[in-house]
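Asks: Show me how the following folds:
(chains A and B)
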Amino acid sequence: MKKNWPLWEVFVRSKNGLEHRHFGSLHAADAEMALENARDVYTRRNEGVSIWVVESKNITASNPDNNGELFEPAQDKAYRHPTFYELPDELKHM
Amino acid sequence: MNNNNLYKYILGIADNTLILGQRLGELCGHGPSLETDIACTNISLDMLGQARNYFQYAAKLKGKNYTEDDIAFLRKEHEYLNVLLVEQPNTDFAYIITRQFLFDVYHLLFLNSLKNSNDLTLSAIANKSIKEVSYHYRFSSDWIKRLGDGTEESHQRIQKAIDDLWTYTDELFHQTEGDKTMINEGIGVDTLKLKEEYYKRVNEILQEATLNVPESKYFQKGGKDGIHTEHLGFLLADLQYMQRTYPNMQW
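Replies: Prediction:
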């Protein structure tokens, strides 16, 4: 292929009630083909009930060089984390 | 065996899916892109799964110690009853898609009738397969439109594939004497009744894809009577190699 198809990111919801999760990426000429390809590449073993695709270029990502200033300040403040509760067993997927 | 007609009728259906499944399986690792490679081999697995259902039923009818493997792998070339269309080679992606499309339109119409068969096993297999085949049809008709309405080169290549494979379409509706008996018994599908709808659907997609519907009225047939093109022998050599080299081997 002289011209590669653009890259798409695939998000799959495995069950109703759960959120879509990033499954991986693939190439496709347009959104419709990206959905069909996602079905074949990622959901042929019963993995999902819903698929989202988004062209990778539309995702704005944080720069790993900035990880220090972005993420580290949160690490030494335990009181920001709601870890002092006991979750009831019935509450799944938290 | 008292019902040779039913046995042969099942083989006719089963061989179409076995041979096309094998053809698509040849693409494993050789598809034009990772995504289409997986799509074609997915369809292949669907078709081989369907073939197994039919062969298991055929083996039961044949009785004694016959297994699905004996029937799938150990017949001679002229004992395979698939239509000529499905044995045509993977010349390029345009031929692969065209062969699939011309078969899928038929396959979907056929299964939708077969589910009303008096034979409960055939009816159940048809019901189970329709969802899969609906997806195959969606995949192949979508690609026909993309290639037809794509670039100048893709248009020209898909048109060539359609012109070349068109000659194998009429055989889909050909009825052997055995087929006619099965139709009269309410088991078989009266394929002649599907013909008009078939060409109507095919023509609609081709027009949408800005492709010409071939005007040729010369058609090839023979596969349903066991008379095949030169391509089938090579395919069978691949397909049968393991079972003939290691008789009765199992995975």
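Asks: Grab the longest helix from chain A for me.
Replies: Secondary structure assigned by DSSP state H gives helix A:31-42 as the longest helix of chain A.
Asks: And the next helix or strand past that helix?
Replies: With elements assigned by DSSP states H and E, the helix or strand that comes after helix A:31-42 is strand A:50-55.
Asks: Spit out the contact partners of the spatially most central residue of chain A.
Replies: When C-alpha atoms, centre = their mean is applied to chain A, the residue found nearest the centroid is A:His22 (2.4 Å). Counting by C-beta atoms under 8 Å, 6 or more residues apart in numbering or on different chains, A:His22 touches A:9-11. All C-beta atoms are positioned from the backbone trio N, CA, C, and that covers glycine.
Asks: out of these, who has the most neighbours?
Replies: Of all the contacts of A:His22, the most densely surrounded is A:Val10 (25 neighbours; neighbours counted as other C-beta atoms under 10 Å in any protein chain shown).
Asks: which stretches of chain A have low pLDDT?
Replies: Scanning chain A for pLDDT under 70 picks out A:1-2, A:74, A:94.
Asks: which stretches of it form strands?
Replies: For chain A, the strands defined by DSSP state E cover A:7-13, A:21-27, A:50-55.
Asks: Poorly predicted segments of chain B, please.
Replies: Chain B contains residues with pLDDT under 70 at B:1-2.
Asks: now do 50
Replies: B:1 (pLDDT under 50).
Asks: and it, which of its residues are near chain A?
Replies: Contact residues, chain B versus chain A (C-beta under 8 Å from any C-beta of the partner chain): B:32-35, B:38-39, B:42, B:138-139, B:142, B:146.
Asks: re earlier: who does the residue nearest to the centre of chain A bridge with?
Replies: Going by DSSP bridges, A:His22 is paired in beta bridges with A:Phe11.
Asks: And A:Met33, how far from chain B?
Replies: Counting by C-beta to the nearest C-beta, to the nearest Å, the gap from A:Met33 to chain B is 8 Å.
Asks: sorry, back to before: return the subset of the residues of chain B next to chain A lying in helices.
Replies: B:34-35, B:38-39, B:42, B:138-139, B:142, B:146.
Asks: now the residues you listed: which count as buried?
Replies: The neighbour-count test (16 or more other C-beta atoms under 10 Å in any protein chain shown) marks B:35, B:38-39, B:42, B:139, B:142, B:146 as buried among these.
Asks: got CSV for these, with distance to B:Val213 too?
Replies: As requested, these are exported to CSV (distance: C-beta to C-beta, whole Å):
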residue, distance to B:Val213
B:Glu35, 29
B:Ile38, 31
B:Ala39, 26
B:Asn42, 29
B:Phe139, 21
B:Asp142, 19
B:Arg146, 18
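Asks: quick one: contacts for B:Leu211?
Replies: Applying C-beta under 8 Å, 6+ apart, we find B:Leu211 in contact with B:144, B:148, B:155, B:158-159, B:162.
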